[in-house]
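Asker: From the sequence below, what's the structure:
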Amino acid sequence: MLRRKGYSNEIVFHDDFKEMASCCDVIASAVTIAHEQFAEPSVYKPGTLLVPIHTRGFQDCDTCFDRIIVDDKNGHVKSFAHFSEFRYCAELNEVLADPGKGRSSDDERIIAYNIGIAARDFYYAGKIYKLLEKKLPDISEGDAPAKYWVGEN
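Answerer: Modelled structure (predicted):
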């Protein structure tokens with residue numbers, strides 16, 4: 001897990017998404033389907049970093065958040081419904097080459113649509129799973145069919 005000096009890696013459970021969104025600095029979502037938006041964009045506090053593995057439930061934020069950092073503008077992101085309305089959009093490689101294209105203030109709300117970087121998502125999901133495993137022993141990988149596991153016969 002990444003650690004920031006002075007912060008713990010405490011995992012807090014919330015029963016209400018809006019309550020959670022109003023107090024979190026970083027929100028990572030792995031929801032695969034949502035039939036409505038999770039919260040109005042105004043609910044997300046200043047400085048929020050939103051990292052949805054899937055964009056469903058967050059599309060209203062596309063036009064309100066200050067910056068959207070993507071892995072590939074001309075690939076899948078250009079086809080997003082609100083792409084032409086993004087306030088600011090840069091590819092991750094542009095931000096890495098010129099940090100000025102990244103966060104410019106502590107209050108900016110940023111969405112990271114790095115959907116093509118699934119290996120990173122799985123790495124962090126595994127770290128979170130290991131942290132939760134002791135707190136919630138009923139969580140298990142289950143008996144997923146072998147077709148979902150790379151490298152298994």
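
Asker: Tell me where the protein is predicted with low confidence.
Answerer: For the chain, the stretches flagged by pLDDT under 70 are 1-11, 115-121, 136-153.

Asker: who touches the nearest residue to residue 108 once chain neighbours are set aside in this structure?
Answerer: Leaving aside its chain neighbours, residue 108 sits nearest to residue 66 (4.1 Å; criterion: C-beta to C-beta, 6 or more residues apart in numbering). Heads up, the C-betas are built off the backbone N, CA and C, glycines and all. Residue 66 is in contact with 87, 88, 108, 109, 110, counting by C-beta atoms under 8 Å, 6 or more residues apart in numbering.

Asker: swap the cut-off to 10 Å and go again
Answerer: 46-48, 87-88, 103-105, 107-111 (C-beta atoms under 10 Å, 6 or more residues apart in numbering).

Asker: Please apply the same query to residue 49.
Answerer: Contact partners of residue 49, counting by C-beta under 10 Å, 6+ apart, are 24-28, 65, 67, 69, 103, 108-112.

Asker: Most neighbours among the residues you listed, which one is it?
Answerer: residue 111 (25 neighbours; other C-beta atoms under 10 Å).

Asker: helices or strands up against the host helix or strand of that one?
Answerer: Using DSSP states H and E, residue 111 sits within strand 110-113. Contact analysis of strand 110-113 by 3 or more C-beta pairs under 10 Å, 6 or more residues apart in numbering; DSSP states H and E lists strand 26-29, strand 49-52, strand 67-70, helix 92-97 as its packing neighbours.

Asker: could you dump the ones you listed to CSV with distance to residue 39?
Answerer: Putting the helices and strands packed on strand 110-113 into CSV (distance: least, C-beta to C-beta, whole Å) gives the following:
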stretch, distance to residue 39
strand 26-29, 10
strand 49-52, 11
strand 67-70, 17
helix 92-97, 25
